[in-house]
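K.L.:
got a sequence here, can you build the structure:
(chains A and B)
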Amino acid sequence: MSKTDVSRRGLLKTSAVAGAGLAVPTIFTAQSAAAFTNNPTGGTVTLGFNVPQTGPYADEGADELRAYQLAVEHLNGEGDGGMLNTFSSKALEGSGIMGKKVEYVTGDTQTKSDAARASAKSMIEKDGAIMITGGSSSGVAVAVQGLCQEAGVIFMAGLTHSNDTTGKDKKANGFRHFFNAYMSGAALAPVLKNLYGDDRKAYHLTADYTWGWTQEESIKAATEALGWETVNTVKTPLAATDFSSYIAPVLNSGADVLVLNHYGGNMVNSLTNAVQFGLREKEVNGKNFEIVVPLYSRLMAKGAGENVKGIHGSTNWHWSLQDEGSKAFVRSFGTKYGFPPSQAAHTCYVQTLLYADAVQRAGSFNPCAVAEALEDFEFDGMGNGKTLYRGEDHQCFKDVLVVRGKENPTSEFDLLEVVEVTPRAQVEYPADHPMFAGGQLGSCNPGA
Amino acid sequence: MDAFLLQILNGLDKGSAYALIALGLTLIFGTLGVVNFAHGALFMIGAFCAVTLQKIFSLSFETVDPEKTDFLGNPLKVKTPYVESWFGPEFGGAIIDWSVPLAILFAIPIMVAVGFIMERGLIKHFYKRPHADQILVTFGLAIVLQEVIKYFYGANPIPTPAPDTLNGVANLGAVIGMDLIYPVWRIVYFCFACLIIGAVFAFLQFTTFGMVVRAGMADRETVGLLGINIDRRFTIMFGIAAAVAGLAGVMYTPINSPNYHMGMDFLVLSFVVVVVGGMGSLPGAVLAGFVLGVLESFASMEWAISLIPGINQIIIYLVAIIILLVRPRGLMGRKGVMED
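P.N.:
Here you go, the predicted structure:
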C-alpha cells in the first residue's frame, strides 16, 4: 500500500504550473487568430497580380492586367461598377475591401515556373501582397499555388486548364474559377457526336507537359465513351514550331479526326500546318476529315487567322454572351479599352471580385477565413450562370461553352461563335474522380 | 512508302530554312571571322518585313455602317483598304493577297541596310576581340531586336497567308501513280531556297567581286597587300548575308505565323547546322541544312520515337555531338579548322 503526502505549498505550486500550462495554448490561439501573413493594418490592402508581361503569352497577360485594373477600379467605387451590379452577392459596396482602399502590385511570370514563383515571393515579402492571382499556364499555376500555400496567402488562379491544378496538385490556399480539361471533354463530346457521328477514328497531337497530358486523357476518355476509336496519340515538344513532320503521318493513319491538344503558339502553328496539308478538304473512310481544338482562345484564334473557320473547341467564357453579367463586363471593359475582353481577362476579373467578396463576407483577411467563405459558395451574375466553388477541391463548377471558328466574321474580334452552352450538370464530376486523384487539399495555412 | 517520301519532302523544306540561315552565318564567319548570334534575328526581321508590307497594303479608312452594330452596340465602323478604293476591289485585293511575294522586293533593300548598320555600327568594333565577346554582343543584339519587334507588333503570332492560288495542296505523286499530297507554298519555299542558294554560289563563283571575296576568305592579308579594300567587300557580304536570312524569313511567313521569337527558334539549330557542315564551308552549310532537316523529320516518325523515346527532340544535337567527336571540322570543313 502506498501513502501520498500532499502539502499546502506543494498543492499551490502544482496548481500554478498546471494553470499556466493550460493558459499557454489559449494565449497562442488567441494570437494566431489575429496574426497571418501580410495582415493589412493601414487604410489600404495590396493585391498581387502575377501575369506574363514578357514571353509568348505577353498579350494574354496584358489583357489579364487590364481586367485586374478594371476590377480594382470597381472595388474602389470608380467607373460604372461592372459586374458588381450583377453579382448575386451584395456584400461589396464599392468602398474597397472591408473599408480599405485596394492597391495592387504586378509581377512578371514570363510563363516560367521559377520566374513566376520569384515574382510572387517578391510581391508577398517585399510589397506585402495579401493575395496572389493571375497566370496563363498550368505549369505556372501549380508552381505559384504551392508557393502561396507555403507562404500563407490565398492564390486565385488565372488561366489554367490542367486537371492537376485542382486535382493532384490542389492546395487548400488555392482556388480556380477557370474550367478544366475534363470539363472540355465532357462539354465537347456530345456536340462532336451530333456533328460527326459515333463512328470516328481520332488522332491526337499533344503538347508534352502537364496541361497537354490531362487534356489528351480527358478528350480521349470522353470521345471513346461515344464509341470513337483513338488511332494514335503523339506527344510534340513544347518548343516545336513546325508541325509538318507530325501532321504528315496523320494523312496515312486511317484517322478521320485530328485533335490538337495544343495551346498558344503551338496551337496556332499546328492548326496552320494541318490546314496547309489539306486535311480539311480531305475525305477518309467516306467522311469529311475534321479538326478539333479542345481549348480555344480568341487571342490564339486571331493568330491562326482564316484557319480557325469551322473548327470546334471549348472556352470558359466569350464576350458575345448575352447574360446581364457578361454584358456589364463587356461594356465596362470595352468602354475603357476599346475592344472586348478575352476569356483570360474575364476569369481574372471574376477571381478578384470573388476574393474581395469572400473577405467582406468573412469579415477578415485571414486566408483561412477567406477560404472558408469561398468553399461551397454559390453565386450568379458573373457570366457563367449559377456557379459553385466546390469546397472539396476548390474548383468552380459552371456552364461551359462549345464554340466554333466563325465563317464570316464582322470584325477582328468576332472570330468565334458560341455553338452550345453546356449546362453545369453535364460537366460535373466527383472530387475523387480518377483523373483528379493523387493529391490532398491539406489544411489552410495562414502563414506568420 | 508515302509517309517516307512525305518526311523527305518535309525535311527538305525545313532544311531549306536551316540552309539559308546557315549560309548567311557561314558567309559572315568565313569573311569577317565573327560568330553572328544575331543572325536568327535577321531572319525574324525579314519575316516582319512581310508583315509590315501586308499592314501597309491593308491600311484602311473607316466608314460607318448604320445597319450593323459593334460589340458595344454602337454603329459598326467598316474598314476599307486604301488600295482597294484606289485600284478597285479586284486589283486592290490582289495586291493585298500577293503581299508576301511582293515583300521580297521590299525586304531586300531593308535587309541590306540593316546588315550595313549592324556591321558598321556595332560588329566591326569586335573584330579583334575574342569570340566569346562577339557571341555575347551579337546575342545581346538579337534580344534587343526581338524586344523592339515585340514592342511594335505584340507577342502574338500574326497570320500572313500566301496568295490564294498558292495556298492549296498539290498531288506530287500523281505522275507516278501515288497519293503524295503536299502544300504548294512549301514546294515554292523549297524552290525559292534552291534559287537563292544557287544565286549566292554563282555570285561568288562567277563574278570578280565574288572571286576577291573568296580570295579574302582564304588569305585576307595577301589580298589586302594587293591594294584591294577587302573590308568594304566584306561589309557588302554582311549585307548580302543579312538579305539571304531576311528573304528566308519573308517566304517563311505563310508556313508559320511569324512572332517575335521565331529568330531564336531557328538560330540555335542553324548554328548546329554550321558546325555540322564545317565552320566556314558554304557547301557544307547547305548540305548539313538539308541533311539535318531530313533527319529531324524522320526522327518525328512514330517508329523512331517508339524505338528511342524523345529522339525527335534531340536528334540534331545528337548528330552534332557525333560529328564533333568523330570529325571536328564538320562534313565539309577545311582540314585544321576546329581540330587544333
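K.L.:
where does pLDDT dip in the stretch 101-250 of chain A?
P.N.:
For the stretch 101-250 of chain A, applying pLDDT under 70 flags no range at all.
K.L.:
interface residues of it facing chain B?
P.N.:
With CB under 8 Å from any CB of the partner chain as the criterion, the stretch 101-250 of chain A meets chain B at residues A:232, A:234, A:237, A:239, A:241-242, A:244-246, A:248-249. Glycine gets a C-beta too; all of them are placed from N, C-alpha and C.
K.L.:
rerun that using 6 Å as the cut-off
P.N.:
With CB under 6 Å from any CB of the partner chain as the criterion, the stretch 101-250 of chain A comes near chain B at residues A:237, A:241-242, A:244-246, A:248-249.
K.L.:
so where does residue B:273 fall, helix or strand?
P.N.:
helix B:262-277 (DSSP states H and E).
K.L.:
report the mean confidence score over whatever helix or strand comes next after that helix.
P.N.:
Downstream of helix B:262-277, the next assigned helix or strand under DSSP H and E is helix B:282-299. Averaged over helix B:282-299, pLDDT sits at 92.
K.L.:
before we move on, what about stretch B:169-179?
P.N.:
Mean predicted lDDT for stretch B:169-179 stands at 79.
K.L.:
if we can go back for a sec, tell me the two of the residues of the stretch 101-250 of chain A next to chain B that are most distant?
P.N.:
Pairwise distances across those peak at 18.1 Å for A:241 and A:249 (criterion: CB to CB).
K.L.:
now the helices for the stretch 51-200 of chain B?
P.N.:
Ranges of helices within the stretch 51-200 of chain B are B:82-97, B:99-121, B:131-153, B:184-206, based on DSSP state H, counting those that start in this stretch.
K.L.:
so which residue of the stretch 51-200 of chain A comes closest to chain B?
P.N.:
Going by CB to the nearest CB, chain B is nearest to residue A:58 of the stretch 51-200 of chain A, at 3.7 Å.
K.L.:
what about the closest residue in space to that residue that isn't next to it in sequence, distance to residue B:127?
P.N.:
Among residues not flanking residue A:58 along the chain, residue B:155 sits closest, at 3.7 Å (CB to CB, 6 or more residues apart in numbering or on different chains). Look at residue B:155 and residue B:127: by CB to CB, to the nearest Å, they are 35 Å apart.
K.L.:
right, is the longest strand anywhere in chain B up against chain A?
P.N.:
When chain B is parsed with DSSP state E, its longest strand is strand B:60-69. No - taking CB under 6 Å from any CB as the criterion, strand B:60-69 and chain A are apart, separated by no less than 6.6 Å.
K.L.:
who does that strand pair up with?
P.N.:
strand B:75-81 (antiparallel) (DSSP bridges).
K.L.:
name the residues of the strand it pairs with that are buried.
P.N.:
The neighbour-count check on strand B:75-81 (16 or more other CB atoms under 10 Å in any protein chain shown) flags B:76, B:81 as buried.
K.L.:
what's in contact with that strand?
P.N.:
Residues external to strand B:75-81 that are found in contact with it (CB atoms under 6 Å, 6 or more residues apart in numbering or on different chains): B:58, B:60, B:62-66, B:68-70.
K.L.:
that strand: how far from the chain's middle?
P.N.:
Remark: strand B:75-81 is offset 36 Å from the chain centroid, using CA atoms, centre = their mean, to the nearest Å.
K.L.:
got it, and stretch A:411-426?
P.N.:
On CA atoms, centre = their mean, the centre of stretch A:411-426 falls 18 Å from the chain's centre.
K.L.:
quick check: buried residues in it?
P.N.:
In stretch A:411-426, counting by 16+ other CB under 10 Å, buried: A:413-416, A:419-422, A:424.
K.L.:
of the contacts of strand B:75-81, select the buried ones using a ChimeraX command.
P.N.:
A single ChimeraX command selects the buried members of the contacts of strand B:75-81 (16+ other CB under 10 Å):
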select /B:70
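K.L.:
and the residue of the stretch 251-400 of chain A nearest chain B?
P.N.:
Counting by CB to the nearest CB, the stretch 251-400 of chain A gets nearest chain B through residue A:305, at 2.9 Å.
K.L.:
how about that residue: what's its closest non-neighbour residue?
P.N.:
residue B:159 (2.9 Å).
K.L.:
for residue A:415, same thing?
P.N.:
Using CB to CB, 6+ apart, the nearest residue to residue A:415 is residue A:301, at 4.4 Å.
K.L.:
surely that neighbour is in a strand?
P.N.:
No - under DSSP: H, G, I helix; E, B strand; the rest coil, residue A:301 sits outside any strand and is assigned helix.
K.L.:
what's the neighbour count on it?
P.N.:
26 (other CB atoms under 10 Å in any protein chain shown).
K.L.:
next one: the one 4 residues further on
P.N.:
Neighbours of residue A:305 under the rule other CB under 10 Å: 20.
K.L.:
ramachandran angles for it?
P.N.:
Geometry field for residue A:305 lists phi and psi as phi 60, psi -130, criterion degrees, to the nearest 10.
K.L.:
which single residue in the stretch 51-200 of chain B comes nearest to chain A?
P.N.:
Counting by CB to the nearest CB, the stretch 51-200 of chain B gets nearest chain A through residue B:159, at 2.9 Å.
K.L.:
please compute how far stretch A:302-309 lies from its chain's middle.
P.N.:
Distance of stretch A:302-309 from the chain centroid (CA atoms, centre = their mean) equals 24 Å.
K.L.:
same question for stretch A:147-160.
P.N.:
11 Å.
K.L.:
please apply the same query to stretch B:65-83.
P.N.:
The answer for stretch B:65-83 is 38 Å, by CA atoms, centre = their mean.
K.L.:
cool, and stretch A:218-234?
P.N.:
25 Å.
K.L.:
just list the residues touching the residue most central in space within chain A, thanks.
P.N.:
Chain A has residue A:178 as the residue nearest its centroid, 3.4 Å off, counting by CA atoms, centre = their mean. Residues near residue A:178 by CB under 6 Å, 6+ apart: A:159-160, A:316, A:347.
K.L.:
tell me how far it lies from residue B:48.
P.N.:
In terms of CB to CB, residue A:178 sits 33 Å off from residue B:48.
K.L.:
what packs against the lengthiest helix in chain B?
P.N.:
Ranked by residue count under DSSP state H, the longest helix found in chain B is helix B:2-32. Under the contact criterion of 3 or more CB pairs under 6 Å, 6 or more residues apart in numbering or on different chains; DSSP states H and E, helix B:2-32 touches helix A:244-251, helix B:39-57, helix B:184-206, helix B:230-252, helix B:262-277, helix B:282-299.
K.L.:
which ones are touching the one residue sitting closest to the centre of chain B?
P.N.:
When CA atoms, centre = their mean is applied to chain B, the residue found nearest the centroid is residue B:248 (3.3 Å). Listed by CB under 6 Å, 6+ apart, the contact set of residue B:248 reads B:17, B:20-21, B:43.
K.L.:
repeat that for 8 Å
P.N.:
Applying CB atoms under 8 Å, 6 or more residues apart in numbering or on different chains to residue B:248 gives the contacts B:16-17, B:20-21, B:43, B:46, B:193, B:196.
K.L.:
sec struct for residue A:420, please.
P.N.:
Residue A:420 - assigned by three-state DSSP - is strand.
K.L.:
contacting residues around the nearest residue to residue A:101 once chain neighbours are set aside?
P.N.:
Closest residue to residue A:101 in three dimensions, ignoring its sequence neighbours and counting by CB to CB, 6+ apart: residue A:44, at 4.8 Å. Contacts for residue A:44 (CB under 8 Å, 6+ apart) come out as A:96, A:100-103.
K.L.:
what is the nearest of those to residue A:222?
P.N.:
Closest to residue A:222, out of all of the contacts of residue A:44 and judged by CB to CB, is residue A:102, at 40.3 Å.
K.L.:
how many neighbours does that closest one have?
P.N.:
Residue A:102: 20 neighbours (other CB under 10 Å).
K.L.:
pLDDT averaged over the strand or helix carrying residue B:312, what's the number?
P.N.:
Under the criterion DSSP H and E, the helix or strand holding residue B:312 is helix B:311-326. Across helix B:311-326, pLDDT averages out at 90.
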